[in-house]
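> got a predicted model here, sequence first, then my questions.
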Amino acid sequence: MKLERLLSRMETLTEQVRQERKELAQHRELAIGNVTVGHVLGGMRGLVSLLCDTSSVLPNEGLRIRNIPILELVDSYPEDVFFLLLTGSMPSEEEKAEIRAAFAKYSNVPYYVWNTLEALPPDTHPMVMLSIGLLAMERESRFRQAYEAGTPRQDLWRFMLEDAIILLSRITTLAAGIYRMRFAKGDRIPPHPDLDWGANYAAMLGLPDPNGEFTRLIRMYLVLHSDHGGGNVSAFSANTVGSALSDIYYALSAGFNGLAGPLHGLANQEVLRFVMSIYDRFNGIPSEAQLRDLLWERLHAGQVIPGFGHAVLRVTDPRFIAFHRFGKEHCSDDPIFQIVDLLYQVAPKVLQEHGKAKNPWPNVDAASGSLLYHYGMTEYQFYTVMFAVSRALGISAQLVLNRAALAPIIRPKAITTEKLKELIAQAQS
Ligand code: HAX
């Protein structure tokens, strides 16, 4: 693999990270927070207990990738953002060429993966197909082969990086092939070695793109979803699996299985389903009052408003802002986008009145699907795969960095309800 520049940066970075972790470990006993009963009952929400340097999510601002606000990266190429996630700097022109070539080099998916996917029942969810497709390729993991050959632990990150590049190189081909197979779109479109990662993906999906707008959307989509800190379900699951020195195929597949949940990545599918149901019910775009009534009806029925709220964010998600701007520019006549736009005006007020959601503002999933729909990707069961392909960038970078840092196995402690009661009684007496 010809990645000399990236490898030499990573070597320096690895030294630095290990040194830094050694210094930090001297303060091992210093308390930086309290574990409360609320943390134990509440899914560890807000409990600071992980290190993640690829990106951070600031409640009042949103995502920063290596401290760069996401809105400053919307016009970047996703493979350059992978370089940024990994190393902390944007690539030079030579490094850009190197990473682009590496992402293109391994983009053919082995035949046995297609055979495996073709054997599945035709109504299998595309996220299941993606997860199975990745796991089928596990036999090719260089990381696992290196581990079995007795490679010292401090050198394993190199093989994780090789696996990451190969996997990222292939995942767009795999996802596009799944799209075409699952939704009977015709033959697979092979990867084109001269195209950048995002353009190749757009081309392999095979949707009409007469003026390159869809390709632009896909590049932006891949960047906006590329990473979101280390504590979300998919990143946390993938890193937990990776911490057992399972290779990237196992780890990413595990992360994606979490992404497939409706409270996480499946929300983009749910949003479109919801928007379509609004369109069908009103035979077009509802009035503000009709939409408000419908949202209340939903809340009274104990259902969430998909695309709104967030576990960490307390403002409109900047990724939503980027998609919304794109929609205003390119799809403002599209009724589906118009309903998304109307929801943006009405839903926050309703959620505020309802008074439960800590964040009434739209998240990334509120607009992304309406744009894909506009360009002809009407099969919303596929939207979480779009999210997953993008998130593979960030999770892969995190897995490589964690192996470089010699991060230990993740092993929090669980206690029984009885023990928790006992601890509460002790504290009260
Ligand atoms: N509609 C209705 N009720 C909502 C709500 C919404 N959009 N968002 C939060 N609430 C409710 C919660 O269900 C919770 O109710 P209970 O106390 O009865 O359990 C209460 O408000 C407090 O929740 P919270 O602390 O504000 O939010 P959480 O951290 O518990 O959950 C979620 C965050 C994103 C899961 C939540 O806002 C939600 O379900 N949103 C709708 C689904 C969605 O858009 N998910 C995508 C999130 C982005 C993402 O991760 N993408 O991958």
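Nice, thanks for sending it over. Numbering: from 1, shown residues only.
> and the contacts of stretch 42-59?
If you take C-beta atoms under 8 Å, 6 or more residues apart in numbering as the criterion, stretch 42-59 is touched by 32-33, 35, 38-39, 63-67, 85-86, 88, 227-231, 235-236, 239, 311-315, 394, 397-398, 401, 405, 407, 412. Bear in mind the C-beta positions are built from the backbone N, C-alpha and C, glycine included.
> and the ligand, which of those contact it?
Ala311 (C-beta under 6 Å from any ligand atom).
> list, one by one, the residues from the stretch 101-250 of the chain near the ligand.
Checking the stretch 101-250 of the chain against the ligand by C-beta under 6 Å from any ligand atom, there are no hits.
> OK, contacts around His374?
With contacts defined as C-beta under 8 Å, 6+ apart, His374 is in contact with Gly327, His330, Cys331, Asp334, Ile336, Phe337.
> A ChimeraX selection for these, restricted to the buried ones, would help me check which they are.
Those of the contacts of His374 that count as buried under 16 or more other C-beta atoms under 10 Å are selected in ChimeraX with:
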select :327,330,331,334,336,337
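> how about the contacts of His374, which pair is most distant?
Spanning the widest gap among the contacts of His374 are His330 and Ile336, at 12.9 Å by C-beta to C-beta.
> thinking Asn268 is in contact with Ser390, fair?
No. Using C-beta atoms under 8 Å, Asn268 is not in contact with Ser390; the gap is 11.0 Å.
> still on that earlier bit, the contacts of stretch 42-59 in helices, which ones?
Gly38, His39, Leu85, Leu86, Ala235, Phe236, Asn239, Gly394, Ala397, Gln398, Leu401 (DSSP state H).
> in contact with the fifth one, which residues?
Contact analysis of Ala235 by C-beta under 8 Å, 6+ apart lists Cys52, Asp227, His228, Gly229, Gly255, Arg391, Gly394, Ile395, Gln398.
> now those in TSV, with distance to Val17, neighbour count and pLDDT?
Shown next, in TSV, are these (distance: C-beta to C-beta, whole Å; neighbours: other C-beta atoms under 10 Å; pLDDT from 0 to 100):
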residue	distance to Val17	neighbour count	pLDDT
Cys52	12	21	97
Asp227	17	31	98
His228	21	28	96
Gly229	17	19	96
Gly255	22	31	98
Arg391	22	25	98
Gly394	17	28	98
Ile395	18	32	98
Gln398	12	30	98
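> go through those residues and say which is closest to the ligand.
Set against the ligand, the nearest of the contacts of Ala235 by C-beta to the nearest ligand atom is His228 (7.4 Å).
> contacting residues around the closest one?
By C-beta under 8 Å, 6+ apart, the contact set of His228 is Ser55, Val57, Leu63, Ala235, Arg391, Gly394.
> can you put those in a markdown table and add distance to Asp341?
Below are those laid out as a markdown table (distance: C-beta to C-beta, whole Å):
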| residue | distance to Asp341 |
| --- | --- |
| Ser55 | 28 |
| Val57 | 25 |
| Leu63 | 22 |
| Ala235 | 30 |
| Arg391 | 26 |
| Gly394 | 28 |
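> taking those residues together, which two end up most distant?
Distance extremes for those: the farthest pair is Val57 and Arg391 at 13.6 Å, using C-beta to C-beta.
> and Met90, what does it touch?
Contact analysis of Met90 by C-beta under 8 Å, 6+ apart lists Ser76, Asp80, Phe83, Leu84.
> do Arg66 as well
Neighbour list for Arg66: Asp53, Thr54, Ser55, Leu84, Leu85, Gly88, Ser89 [criterion: C-beta under 8 Å, 6+ apart].
> including neighbour count and distance to Arg100, could those go into CSV?
Output for the contacts of Arg66, formatted as CSV (neighbours: other C-beta atoms under 10 Å; distance: C-beta to C-beta, whole Å):
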residue, neighbour count, distance to Arg100
Asp53, 19, 24
Thr54, 25, 20
Ser55, 24, 22
Leu84, 24, 14
Leu85, 23, 16
Gly88, 17, 19
Ser89, 12, 17
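> next step: the residues you listed restricted to strands.
Ser55 (DSSP state E).
> out of the contacts of Arg66, which comes closest to Phe323?
Of all those, Phe323 sits closest to Ser55, with 18.0 Å by C-beta to C-beta.
> any idea what that closest one is bridged to?
Using DSSP bridges, the bridge partners assigned to Ser55 are Ile65.
> doesn't Gly307 make contact with Asn359?
No. Using C-beta under 8 Å, Asn359 makes no contact with Gly307, being 11.8 Å away.
> who has more neighbours, the two?
The neighbour comparison of Asn359 against Gly307 (other C-beta atoms under 10 Å) goes to Gly307, with 27 against 19.
> so what's the more buried one up against?
Counting by C-beta under 8 Å, 6+ apart, Gly307 makes contact with Ala267, Asn268, Glu270, Val271, Phe274, Leu343, Ala347, Pro362, Asn363, Asp365, Ala366, Ala367.
> quick revisit: widest-spaced pair of the contacts of Met90?
Ser76 and Phe83 (9.9 Å).
> so these two - more neighbours on which side?
The neighbour count for Ser76 versus Phe83, taken as other C-beta under 10 Å, is higher for Phe83 (26 against 19).
> contacting residues for the closest residue to the more buried one other than its chain neighbours?
Spatial nearest neighbour of Phe83, chain neighbours left out: Pro91 (4.3 Å); criterion: C-beta to C-beta, 6 or more residues apart in numbering. Contacts for Pro91 (C-beta under 8 Å, 6+ apart) come out as Asp80, Phe83, Leu84, Glu98, Ile99.
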